[in-house]
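# Fold the following.
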Amino acid sequence: MKVSHKLLFIGEPGAGKTTCIAAVSDIPPVVTDVDCTDELALRKPTTTVAFDYGELALGGEDRLLLYGLPGQARFRFMFDIVREGLLGVVVLVDGSTEFAVQGLRETLETYAADVRELPLVIALNKQTAPSDVLLRQCRTLLEQYGLVAPIVPVDARRRADIVRLFELLFILLDGEADIQAERGSSQWH
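Model (predicted):
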């Protein structure tokens, strides 16, 4: 029987969502990029206006469906489109800019309530060795939004880095399942 699972990448424009999906997808990614016509044109030539999509084989007929959503509030409604069956979320942050923390703040402002109950990883893209200051600022933001998540540096172009994010999410998912099982068994004692 074919089983599909969903994983979501969210983040500010230029954080690397499209690049992550392209790095691991077994199919050519579906992208909805258009030319930038606003201040984003100073940072990048195109931007995603709906969502990116890719797929990854998990073995047998099982598939991991990969979605990339823009982090801006005006795209928040699209989370509801991919919510059902969502296993976890990767929040991508462009760690190479002076606006990294601002981008993370805007993404969390938009999605914190939605991702609170899901396994979550913060991926600092374009930053091989994040500064202690950046890591502390990211942790502080997570705390302000009542979120707990590992923060890891990645290169969104490297398949191995993205697979490592998946592994982290599956460890978190497995840990959540253990907690739920423990809660269920304690109700009977």
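# got the phi/psi numbers for the residue nearest to Asp94 when sequence neighbours are not counted?
Distance criterion Cβ to Cβ, 6 or more residues apart in numbering; nearest residue to Asp94, sequence neighbours excluded, is Ala15 at 4.7 Å. The C-beta positions use only the backbone N, C-alpha and C, and glycine is treated the same way. Recorded main-chain torsions at Ala15 are phi -70, psi -30, according to degrees, to the nearest 10.
# I figured Ala15 hits Leu124, correct?
No. Counting by Cβ atoms under 8 Å, Ala15 stays clear of Leu124, with 9.5 Å between them.
# all strands for the chain, in order.
Counting by DSSP state E, the segments of the chain that form strands are 4-11, 33-35, 46-48, 52-59, 62-70, 86-94, 120-125, 151-154.
# how about the fifth one: buried residues?
Under the neighbour-count criterion of 16 or more other Cβ atoms under 10 Å, strand 62-70 has 63-70 buried.
# Mind listing the strands it pairs with, and their directions?
Strand 62-70 has its sheet partners listed here by DSSP bridges as strand 4-11 (parallel), strand 52-59 (antiparallel).
# returning to that earlier point: and the buried residues of strand 62-70, which two are the farthest apart?
Checked with Cβ to Cβ, these reach their widest spread between Arg63 and Pro70, with 23.5 Å between them.
# number of nearby residues for Tyr53?
17 (other Cβ atoms under 10 Å).
# Give me the number of neighbouring residues for the closest residue to it other than its chain neighbours.
The shortest distance from Tyr53 to any non-neighbouring residue, by Cβ to Cβ, 6+ apart, is to Val30 (4.2 Å). Per other Cβ under 10 Å, the neighbour tally for Val30 reads 15.
# do the same with Thr19
Using other Cβ under 10 Å: Thr19 sits among 21 other residues.
# Surely Gly16 touches Gln127?
No. Contact criterion Cβ under 8 Å: Gly16 and Gln127 do not qualify, at 10.7 Å.
# Neighbour count for these two, which is higher?
Gly16 (27 against 19).
# Quick one: low-confidence residue ranges for the chain.
Residue ranges of the chain with pLDDT under 70: 1, 35-50, 176-189.
# residue boundaries of the helices in it?
Taking DSSP state H as the test, the helices found in the chain are 17-24, 77-82, 100-115, 132-144, 159-186.
# how close does Thr110 get to Arg157?
25 Å (Cβ to Cβ, to the nearest Å).
# more neighbours, those two?
Here Thr110 and Arg157 are compared on neighbour count by other Cβ under 10 Å; more neighbours surround Thr110, at 20 against 14.
# contacting residues for the more buried one?
Listed by Cβ atoms under 8 Å, 6 or more residues apart in numbering, the contact partners of Thr110 are 71-73, 75-76.
# try Ile21
Ile21 neighbours (Cβ under 8 Å, 6+ apart): 9, 29, 52-54, 66, 68.
# what are the bridge partners for the residue nearest to it when sequence neighbours are not counted, then?
Distances taken as Cβ to Cβ, 6+ apart put Gly54 closest to Ile21, at 4.1 Å, once the chain neighbours are dropped. Beta bridges link Gly54 to Leu66 when assigned by DSSP bridges.
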